[in-house]
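Q: A structural model of the following input is requested.
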Amino acid sequence: MSSTPLLSRTPAPAGAAAGRTGSAGPLGDTELSEATARIREHIVAMCASREGGHLGGSMSLAEILSVLYFRVLRHDSRFPGLPERDVLLLSKGHGGIALFAALCEAGYFPAEELTGYAEPGSHFTAHPHPGIPGVEMPSGSLGHGLALGVGYALAHRLDRSDRRCFVVMGDGELQEGSVWEAASVASAQRLGGLTAIVDRNGLQISGETESVGALEPLADRWRAFGWRVLETDGHDTEALTAALTLPPEPHRPTVVIAHTVKGKGVAQVEGQARSHYVRLNRRQQLNLLKALRAAAGGLR
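A: The predicted structure is shown next:
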């Protein structure tokens, strides 16, 4: 772990402007697949720490976050606080290690910082907080991200800015009433600059979402609240890119329901609620890394 405090951020120089997908430009298919594979490897490594990590719901986010950071968001990792940046809020804070991995790959901090995950003195813990470059809000207690997204979108409109706000939520999180209060306000305020993304992997810590608190017909629920609804395969980067780069409707918020698989990437844990939180030993870590690299088909 670096001794340089992550809290010391480089201020943006006068006249600096954020570009879509950062300073390097959008990644092609091969480069994006490689970045996504590295995100999953970082996730596995953090789950092998002394504290373990939320494996399943982080693995299901890998393509969503890689498409956002490398093809969609207006941001610059050199200047995380750039005023013109788009805002990404990870409302499902238990997917924090996926966000850390994506920020690392996007250049917000070096990979060696992640080796200190969960160690005393590290900035990296189970849930995100704004002391980490690129993290906009602390999260972990579910159901709050969309309301904050409403606030950001309202502020952007008052500033006459074309900045966009993206809120990534879990599907189990949609059982929180505060989500639907925020959805109602977003529609009533006609917040076209707000996009919600639902990681629809169908599982939560206590089992299948439809057994714990049924959500279907989910798309119709969002439509009833006045949202534009897009559904896509959450592991198909081209489909995600098409959905997330679609121009926003001026007076209606958008929700992208991304159908995913909890634990995506390694067959041993895919689609299993027990992958929600794990503490991997060294043998398990190596086995999962081997499976990931085999599934990646020699990308590395």
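
Q: Nearest to the spatial middle of the chain, which residue is it?
A: Leu65 (4.7 Å; C-alpha atoms, centre = their mean).

Q: where along the protein do the strands fall?
A: 19-20, 74-75, 87-90, 165-170, 194-200, 203-204, 207-208, 228-233, 254-259 (DSSP state E).

Q: Using JSON lines, please lay out those together with mean neighbour count, mean pLDDT and distance to Gly151.
A: (C-beta placed from N, C-alpha, C; glycine too.) Formatted as JSON lines, the strands of the chain follow (neighbours: other C-beta atoms under 10 Å; pLDDT from 0 to 100; distance: least, C-beta to C-beta, whole Å):
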{"stretch": "strand 19-20", "mean neighbour count": "14", "mean pLDDT": "58", "distance to Gly151": "23"}
{"stretch": "strand 74-75", "mean neighbour count": "22", "mean pLDDT": "98", "distance to Gly151": "19"}
{"stretch": "strand 87-90", "mean neighbour count": "25", "mean pLDDT": "98", "distance to Gly151": "10"}
{"stretch": "strand 165-170", "mean neighbour count": "26", "mean pLDDT": "98", "distance to Gly151": "9"}
{"stretch": "strand 194-200", "mean neighbour count": "28", "mean pLDDT": "98", "distance to Gly151": "10"}
{"stretch": "strand 203-204", "mean neighbour count": "25", "mean pLDDT": "94", "distance to Gly151": "26"}
{"stretch": "strand 207-208", "mean neighbour count": "12", "mean pLDDT": "94", "distance to Gly151": "32"}
{"stretch": "strand 228-233", "mean neighbour count": "18", "mean pLDDT": "98", "distance to Gly151": "20"}
{"stretch": "strand 254-259", "mean neighbour count": "23", "mean pLDDT": "98", "distance to Gly151": "17"}
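
Q: Quick one, which of those strands gets closest to Gly149.
A: strand 165-170 (4.0 Å; C-beta to C-beta).

Q: would you put the C-alpha positions of the closest one in CSV?
A: Provided in CSV are the C-alpha atoms of strand 165-170 (Å, rounded to 0.1, in the frame of the first residue of the first chain):
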residue,chain,number,x,y,z
CYS,A,165,-26.0,11.4,-13.2
PHE,A,166,-25.9,7.6,-13.2
VAL,A,167,-27.1,5.6,-10.1
VAL,A,168,-26.2,1.9,-9.9
MET,A,169,-28.6,-0.1,-7.7
GLY,A,170,-29.1,-3.7,-6.7
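
Q: Please name every helix or strand in contact with it.
A: Here strand 165-170 touches strand 87-90, helix 145-158, strand 194-200, going by 3 or more C-beta pairs under 8 Å, 6 or more residues apart in numbering; DSSP states H and E.

Q: residues in contact with it?
A: Residues outside strand 165-170 that contact it (C-beta atoms under 8 Å, 6 or more residues apart in numbering) are 57, 61, 64-65, 68, 72-73, 86-92, 94-95, 142, 145-146, 148-149, 152-153, 156, 179, 193-199, 201, 204, 244.

Q: Stretch 262-278 now?
A: 40, 47, 52-57, 59-60, 62, 94, 201-208, 235, 261, 287-288, 291-292, 295.
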